[in-house]
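got a predicted structure here, sequence first:
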Number of protein chains: 2
Amino acid sequence: MKEAAQRFQVRFENLNREASCIEGETIFQSARRAGIRVVGACGGRGVCGTCMVRVHSGEFHTPETETGTATPRRRKWMRACQLHPQGDCVVEVAPRSVARVVRADVDGESAAPFAFDPIVQMHELALGEPTLAQATADADRALQALRRDSTASVDLYALRELPALLRHHHWKLRAASRGEELIAFTPCGQRVLGLAVDLGTTNCAGYLLDLDTGQRLNGLGIENPQASYGADLVSRLSYAITSQEHRLELRSAAVTAVNELGRTLCEAVSASPEDIVDVTLCGNTAMHHLLLGLPVRQLGRAPYVPAVCEALDIKARDLGIVCAPGAYAHAMPNVGGYVGGDHVAALLATEKRWRDATTVVMDIGTNTEISLVHAGEISTVSCPSGPALEGGHISGGMRAAEGAIERVFLEEGRIAVKTIGHGDPVGLCGSGVLDAIAVLLEARIIDRRGRIGHDHGTVRIQGDHREVVIAPDVVLSQSDVRAVQLAKAAIRSGVDLLLREAGLEEAAIERMVIAGAFGTYIRVESAIAIGLLPALPLERFEQVGNAAGLGVRMVLASASARERARQLARRCRYLQLGSLPGFQKAFLGRIGFD
Amino acid sequence: MKEAAQRFQVRFENLNREASCIEGETIFQSARRAGIRVVGACGGRGVCGTCMVRVHSGEFHTPETETGTATPRRRKWMRACQLHPQGDCVVEVAPRSVARVVRADVDGESAAPFAFDPIVQMHELALGEPTLAQATADADRALQALRRDSTASVDLYALRELPALLRHHHWKLRAASRGEELIAFTPCGQRVLGLAVDLGTTNCAGYLLDLDTGQRLNGLGIENPQASYGADLVSRLSYAITSQEHRLELRSAAVTAVNELGRTLCEAVSASPEDIVDVTLCGNTAMHHLLLGLPVRQLGRAPYVPAVCEALDIKARDLGIVCAPGAYAHAMPNVGGYVGGDHVAALLATEKRWRDATTVVMDIGTNTEISLVHAGEISTVSCPSGPALEGGHISGGMRAAEGAIERVFLEEGRIAVKTIGHGDPVGLCGSGVLDAIAVLLEARIIDRRGRIGHDHGTVRIQGDHREVVIAPDVVLSQSDVRAVQLAKAAIRSGVDLLLREAGLEEAAIERMVIAGAFGTYIRVESAIAIGLLPALPLERFEQVGNAAGLGVRMVLASASARERARQLARRCRYLQLGSLPGFQKAFLGRIGFD
């Protein structure tokens, strides 16, 4: 007889949460099962070191002591994905490993250039009570009352609710139509809502709109629950293609994000997700495919072909999204394998900035999408910039959360920092990483080739590599600097090649639109100093915040914006960076800091 | 501690099946759980006596001996819904209680007046292999290759399969489109199929069409699995409105019927249900609502308002129908609360018969739908005729199966019978019941008021009522005669009132179209003799078989037939029999046999 596996209680002291850990599981796995969000950039494979915990009490195995049992002698930070509890234990999650949400709700500009003309229209419905002599079917009477033509129809799920609603509300209701279809019925006087979601690799932003008025009710950012399957897209795609179950896990995580945004946003305005009658979604192509349950195998390997780029209108229920019974979800169009609807949304939201000028529109992230608009043409590339610029895969890196160093500067020749929330520094977020490198270059602590020098008080040797102490407990290592070099070389060579394809010089760029959360907080001077951005006059740079979030709200509020987004996506000439001649050379030419 | 309920083995000897019976269950319930189809017209409430079994061995409780245990002393027929096994037992199901399927696939006429123009169109698709420089998304290329305009789209579920199919079949596929939507992709050379289903209260008929050629591949009739919840619609509606679970049970039974037809029909032609790219459905309004999961509470009580009458096009997956991923199911339009899409289908199929003549189109069943076509107007009523005419709720009644008496006649003054399959008579099916009464009237064994006389050798007294012995073991009781009187009075008074509303006399009926399985097998002379049908010259009667089955096939094969059916449904003026003045009087005037 096989004995039942033992279970231990793991208490996450500083989060005030508990999880039940099945014998053999790691602390990371038990946290994930319990929905306790410990950052795990590599998905628990033990390679990234972002899931650090300290064991306060209890026994555990580690891979190094597999056959024995080790009790922690001193409280040192260890990777949660390598700790197998052997009994009940109490742990503390390192501040930088707590998946918290700060600043994800970056708003971008709010002036929408499109009129409020939502695709879902509301109608008042007042029917008489039926009699034996006049017993026309409920739905038929509703359609007649709304003078819909004979091709009009009622969604099956909305129809299932109609008879009881009509009778309960004394034959008066509001009907939501989308084209010729009635998709929902609601009591009179009840607000109808729209949900727009920008599904980012790292963070997901959601916005709730009042679809009667177009008013923005609120917004919220949460961490993408897929993060525990890997910080970068490649990790997640690799996971997804190993089995159908894995793909479903990632899909379910993405759906959870959308539903959590919907639920929380509605709760905050005393509404219910069932009041949502329209949903718009944008994300990069991989997130789009994972959310929609589309296969990603062909997307993950050359020639990186998406299943679909055109916009899709799908019954939200077919995606598992909780909202009004017959509501649709509109998935914004993608441009190509690595440029998704979020970039289209950013282009849509910033159109007035690029319409009349030679402009680079750039959204810096794990993948950085760049469009060059010139003479009516839009050329677009995606650069695999990795998570380094967002503080990921960096030894002292962390999200833009409480305690993150967001500014680094020289004060009387010494490195000084400013943290989010002004508390003790616990790590470096993206803008802090950029600043740090710019400062270290300026102070010549690192040279033009990216090498950390040895003749400076803040530099120390760890094993066979050097690191710079930025603040107590926060260092920037040689490999961190290398990661940033790779990221900025990818982005910069992307810009180079777009310019070359268009036959332009850098100076021809009249505007440089930097979209996205990361781009909002960087100091452009630092980005220029390390060569991430071209050295243009500062007034040509425009940091516009979460333009994708604005774009996905625009297509929610306006049918014509939705049509415009379709056109923009089709207009983009998608270039695969790797297939462009001279890419290798351009990339290598941008590795150094000169 | 509560002990686990005991389980007994029940062997259904003559069916060669076994069921596990949980302590406390009846034999009927265990048979239903095991999918062994014992007829149970009242749903196991112990009132109809259609679930007869004989216990060969084993102990059981009956309600009469609740506190003790009874072993059958002699093998007598007992109701399976009243027998609670107390141990393993062996039973024999009475031949007339075996839910078998014979003759359900009544075909009707086959000459379709509509051209073959199915709503689903097939296209050949041949794409080149994508490259890094030409990595357009799979779906976008498919739409481009088919030159679909920019509003065209691909169904999400079909899209999920597309990338793997394209690569597996070397970039050559067939695409199925419905309007501007691609709904399925299949390998080249593979047949695509359509399924048409006439979902009757008692029997469900399914037909498989080759949608490339319009050829009818095969047809099949099965018993409606809802039958175990009650033979008549009122029983099922009562059951459905008691709880959400009950409604789901009935819905699931209806879906099972459609899927079983699809699976069996496909198997027979070595195809798979996934090859079905279009489904059409018809049924009475209650069956329609139960299958679609629409609420029936408001349908079951005055003023009997349907949720919808207009035709619906629904993703088949939303109904749980197994077929191609993006296929639609078309639910034919209803006319009113008690006249459904099956009658519309019958009108569609028989249009050439009634177009130019004053015609009554009638489908006799548990509910009998009657339309009077006169001077371009169609008036329609539904008559609650009950199951008696189909052999239900009749003491010796049974389905039209092996051993059923289908003809009764006088041979040298004595009652003689003919059975289906020419074997020993085990019961009376519908046409036999009509014949029997006509013969008994002729022989004056029953009088014009329906009373069984006492001065005839075939009449015997059982308790306080009389019965006529039609054959050894098959009798017709006084209450059976009464049930037939009620049924024929309902139908005949329906015809009377339609004529009155149109200002016509009976003789004005130029054609009398009798549709449906029952109507096909009756002797019109007998029906006239008992007053079920008006005494018109015999050449005016046309028995057309399962016209509804033909109609639902026509809308599968032809988009214009589908449109025509919509028009017909809207043209029908639906009259509620009970709301017509003088109904009561007309009904009572038709109770007798004169």
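Received it, and whenever you're ready, just let me know what you need. Residues are numbered from 1 along each chain as shown, chains lettered A, B, ... in the order given.

residue A:254 is in what secondary structure piece?
Residue A:254 is part of helix A:244-268 when elements are defined by DSSP states H and E.

and the next helix or strand past that helix?
Scanning onward from helix A:244-268 (DSSP H and E), the first element met is strand A:276-283.

the next helix-or-strand element following that following strand packs against which elements?
Following strand A:276-283 in sequence order, the next helix or strand is helix A:285-292 (DSSP H and E). With contacts taken as 3 or more C-beta pairs under 8 Å, 6 or more residues apart in numbering or on different chains; DSSP states H and E, helix A:285-292 sits against strand A:193-199, helix A:233-242, helix A:244-268, strand A:276-283, strand A:328-331. Bear in mind the C-beta positions are built from the backbone N, C-alpha and C, glycine included.

any buried residues in the helix holding residue A:254, and which?
Across helix A:244-268, burial judged by 16 or more other C-beta atoms under 10 Å in any protein chain shown covers A:247, A:249-262, A:265-266.

what angle sits between that helix and helix A:233-242?
120 degrees (axes from the mean of the first three to the mean of the last three C-alpha atoms, to 10 degrees).

on that earlier part again, I'd like the helices and strands packed on helix A:285-292 as TSV, with distance to residue A:428 and mean pLDDT appended.
Output for the helices and strands packed on helix A:285-292, formatted as TSV (distance: least, C-beta to C-beta, whole Å; pLDDT from 0 to 100):
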stretch	distance to residue A:428	mean pLDDT
strand A:193-199	25	97
helix A:233-242	21	90
helix A:244-268	26	94
strand A:276-283	26	98
strand A:328-331	35	98
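
select, out of these, the one closest to chain B.
strand A:328-331 (9.3 Å; C-beta to the nearest C-beta).

give me the angle between the helix or strand just after that closest one and strand A:193-199.
With elements assigned by DSSP H and E, the helix or strand that comes after strand A:328-331 is helix A:341-349. Helix A:341-349 and strand A:193-199 are oriented at 120 degrees to each other (the same axes, to 10 degrees).

what is the mean pLDDT for whichever helix or strand comes after helix A:341-349?
Counting by DSSP H and E, the next helix or strand C-terminal to helix A:341-349 is helix A:351-354. On average, the pLDDT along helix A:351-354 is 93.

nearest residue to the middle of chain A?
Compute the mean C-alpha point of chain A, and by C-alpha atoms, centre = their mean the closest residue is residue A:200, 1.6 Å away.

how about the residue located most distally from the centre of chain A, nearest residue that isn't a chain neighbour?
No residue in chain A sits farther from the centre than residue A:133, which is 57.8 Å out by C-alpha atoms, centre = their mean. In space, and not counting its chain neighbours, residue A:133 is closest to residue B:579: 5.9 Å by C-beta to C-beta, 6 or more residues apart in numbering or on different chains.

surely that neighbour is in contact with residue A:134?
No. Residue B:579 is beyond contact range of residue A:134, at 10.1 Å (criterion: C-beta atoms under 8 Å).

which one's more surrounded, these two?
residue B:579 (14 against 11; other C-beta atoms under 10 Å in any protein chain shown).

show me where the stretch 301-450 of chain A has its helices.
Counting by DSSP state H, counting those that start in this stretch, the stretch 301-450 of chain A has helices at residues A:316-319, A:341-349, A:351-354, A:430-442.

got a list of contacts for the third one?
Just to be clear, that refers to helix A:351-354. Here helix A:351-354 makes contact (C-beta atoms under 8 Å, 6 or more residues apart in numbering or on different chains) with A:113, A:347, A:359, A:361, A:373, A:511, A:513, A:542, A:544, A:564, A:568.

same check on the first one?
With C-beta under 8 Å, 6+ apart as the contact definition, helix A:316-319 has outside contacts at A:157, A:255, A:258, A:279, A:291-293, A:323, A:325, A:327-329, B:156-157.
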